[in-house]
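Enquirer: Show me the folded form of this:
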Amino acid sequence: MAVQNVDPRRCMGCKTCVATCPTDVFRFDDKTKQAIAKYPAECQICQMCSNLCPVGAITVTSDKSMPILTAWA
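Expert: Model prediction:
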């Protein structure tokens with residue numbers, strides 16, 4: 001998982017993450033009027049959601065990223 005959470009204390013419900021996520025990780029919860037990370041396993045760690053969130057409510061980690069392998073010949 002790369003998207004860890006959407007902080008409910010910070011999320012203002014602007015839907016920027018829902019609109020910009022290329023892998024459709026986020027959904028808007030009509031009850032709470034906030035975004036939720038519905039499909040965090042689909043996250044490709046592009047960081048668009050966290051970079052574009054106007055209030056910094058989204059935490060993305062590099063849990064899924066693979067180390068760079070160097071081939072020596």
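
Enquirer: Next, work out how far apart the nearest residue to residue 38 once chain neighbours are set aside and residue 62 are.
Expert: Leaving out its chain neighbours, the residue that sits closest to residue 38 by Cβ to Cβ, 6 or more residues apart in numbering is residue 27, at 4.1 Å. Quick note: C-beta positions are derived from backbone N, CA and C, even for glycine. Going from residue 27 to residue 62 by Cβ to Cβ, to the nearest Å gives 23 Å.

Enquirer: Then residue 29?
Expert: Distance of residue 29 to residue 62, given as Cβ to Cβ: 26 Å.

Enquirer: what does residue 53 give?
Expert: Going from residue 53 to residue 62 by Cβ to Cβ gives 18 Å.

Enquirer: These two - which one has more neighbours?
Expert: The neighbour comparison of residue 53 against residue 62 (other Cβ atoms under 10 Å) goes to residue 53, with 21 against 9.

Enquirer: ok, now which ones touch the more buried one?
Expert: 16-17 (Cβ atoms under 8 Å, 6 or more residues apart in numbering).
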